[in-house]
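**Q** next one to model:
(one chain, ligands or ions: 1)
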Amino acid sequence: MNTLNGKHIVLGITGGIAAYKSAELTRRLRDAGAQVRVVMTHGATGFVTPLTFQALSANPVHTELLDEAAEAGMGHIELARWADAILIAPASANSMAKLAQGRADDLLTTLCLASEAPLALAPAMNHVMWSDAATQDNSSILQQRGVHLFGPASGSQACGETGEGRMLDVPELIDALSGLFKSGVLQDINVLVTAGPTWEPIDPVRFIGNRSSGRMGFALARAAREAGANVTLISGPSSEATPEDVHRIDVETAAQMYEAVIQQVRHNQVFISAAAVADYRPKTASAQKLKKHDAELSIELERTEDIVSAVAGSSTRPFVVGFAAETENIETNARTKLKNKALDMIAANRVGKDANAQDIGFNSEYNALHVIWTDGEQVLEQARKTTLARELINLVAHQYNKNRQHEKNTA
Ligand code: C5P
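**A** Got it, this is the predicted structure:
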């Protein structure tokens, strides 16, 4: 997830051969939409020229603490205030020692002292220097003060030796830095979503299914992930692509979905049941393909487990959101379900045709939702399921956080 868009990043570069990787890092930061200002120590300019970073960052490179031209433009205090984050990559053993001591004898260390922005270091040094007790102590001191350490990694080093001390690769650094800006409405909350239809076998080739495409559930999984949640998606048969960074578990029948949900749900704080789970299944599935003999065929059906009710009725229940797909009396039926299934929230939708005779609800790009919870409601007008999913996730997050706050206050 890109959280770096529009962010002001001061990229500090200290003297180390890994400085060449920081040229690529500057490009990738800009690709992610960040504005980058590079500050180099004198040691760093021996490895890569300031001109390289000026061209890549599209900003002047800062090297001097007391530089009339720089102070007239953006001096160290302005630079310290401008930064949303300071990343020092590579961070040498010397720079870590100076930061641990709170020294301010060059532009970069002074800037770090003068800034309230989060500070991250990507150490890069020979493995013996990294494992030296002094460096290890400095690294602990810095971490205790809230400085973020990205790496180092293990592997072959520029000095020809192998060990811990390699600077992290550029994509890893970009990921780690974006992590500092994550603040979605469901940040770090575990969310379990079910989606799609279930298929209940009649015989090896036939089943009872429904028209659900899985789109709404998949859009909800994606929206929850975008909101910072760790998302597990349990899906019935669906051709939808798995949203990025979402853990997907495929099932076919209601019984399999029940098993998977029960196994997963205890790790989750929010459960969104968007699947169109079959209410009935053939009592027995024939082991062989049924042959046509008689004019009529009866298949005895039995009820499936009501998954959402089971979750809502459990002792360690998460925040439970159900769906009510209806063809009539939408609101009344939804309110009854909210109560009977002991849900925290229900999203009711009409399945069928809209005013322009377009399909909405099942197997359609579009939907419209009437969201009801114990002491409130909101109508989400007809829109693409991706848009509606974001709106619904915001409502879920709001109610979930409100409940959590209430629990804290009454604990
Ligand atoms: O009772 P009804 O099927 O209309 O309720 C719909 C809600 O219940 C949806 O959230 C659906 O995912 C859930 N459900 C379930 N297990 C079933 C049937 C429905 O979790 N067997």
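**Q** contacts and neighbour counts: CA atoms only from here.
**A** Noted.
**Q** pull the CA atoms of stretch 273-285 into PDB?
**A** The C-alpha coordinates for stretch 273-285 follow below in PDB (Å, rounded to 0.1, in the frame of the first residue of the first chain):
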ATOM      1  CA  SER A 273     -20.400 -12.200   6.300                       C
ATOM      2  CA  ALA A 274     -20.900 -11.100   2.700                       C
ATOM      3  CA  ALA A 275     -21.200 -14.700   1.300                       C
ATOM      4  CA  ALA A 276     -24.500 -15.900  -0.100                       C
ATOM      5  CA  VAL A 277     -24.400 -19.100   1.900                       C
ATOM      6  CA  ALA A 278     -26.900 -21.800   0.900                       C
ATOM      7  CA  ASP A 279     -29.700 -22.200   3.500                       C
ATOM      8  CA  TYR A 280     -30.300 -25.800   2.400                       C
ATOM      9  CA  ARG A 281     -28.300 -28.600   1.000                       C
ATOM     10  CA  PRO A 282     -29.200 -32.100  -0.300                       C
ATOM     11  CA  LYS A 283     -29.400 -34.400   2.600                       C
ATOM     12  CA  THR A 284     -27.300 -36.900   0.800                       C
ATOM     13  CA  ALA A 285     -25.100 -36.300  -2.200                       C
END
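**Q** quick one: it near the ligand?
**A** Yes: using CA under 6 Å from any ligand atom, stretch 273-285 reaches the ligand at 273, 274, 275, 276, 277, 278, 279.
**Q** which residues touch the second one?
**A** To tie it back to what came earlier, the one meant is residue 274. Applying CA atoms under 8 Å, 6 or more residues apart in numbering, we find residue 274 in contact with 193, 194, 195, 196, 216, 217, 322, 323.
**Q** now it: phi and psi?
**A** Torsion angles at residue 274 (phi, psi; degrees, to the nearest 10) stand at phi -100, psi 0.
**Q** contacts only, for residue 362.
**A** 211, 212, 213, 351, 352.
**Q** returning to what we had before: just the buried ones from the residues of stretch 273-285 next to the ligand?
**A** 273, 274, 275, 276, 277, 278 (16 or more other CA atoms under 10 Å).
**Q** so who does the fifth one touch?
**A** What that stands for is residue 277. Taking CA under 8 Å, 6+ apart as the criterion, residue 277 is in contact with 196, 197, 198, 254.
**Q** can I get those residues in TSV including neighbour count, pLDDT and distance to residue 75?
**A** Putting these into TSV (neighbours: other CA atoms under 10 Å; pLDDT from 0 to 100; distance: CA to CA, whole Å) gives the following:
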residue	neighbour count	pLDDT	distance to residue 75
196	30	97	57
197	26	98	61
198	29	98	63
254	25	98	64
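**Q** among the contacts of residue 362, which two are most distant?
**A** 213 and 352 (14.0 Å; CA to CA).
**Q** residues in contact with stretch 96-115?
**A** Contacts for stretch 96-115 (CA under 8 Å, 6+ apart): 12, 39-41, 62-66, 76-77, 79-81, 83, 86, 95, 119, 135, 138-139, 141-142.
**Q** just give me how far that stretch sits from the chain centre.
**A** Relative to its parent chain, stretch 96-115 has a centroid offset of 33 Å by CA atoms, centre = their mean, to the nearest Å.
**Q** buried ones in it?
**A** 96-97, 99-100, 104, 107-115.
**Q** helices - which of these land there?
**A** Secondary structure defined by DSSP state H assigns 96, 97, 99, 100, 107, 108, 109, 110, 111, 112, 113, 114 of the buried residues of stretch 96-115 to helices.
**Q** for those residues, which one is nearest the ligand?
**A** residue 112 (51.2 Å; CA to the nearest ligand atom).
**Q** quick one: the closest one and residue 152, what's the gap?
**A** Applying CA to CA, to the nearest Å, the value for residue 112 to residue 152 is 20 Å.
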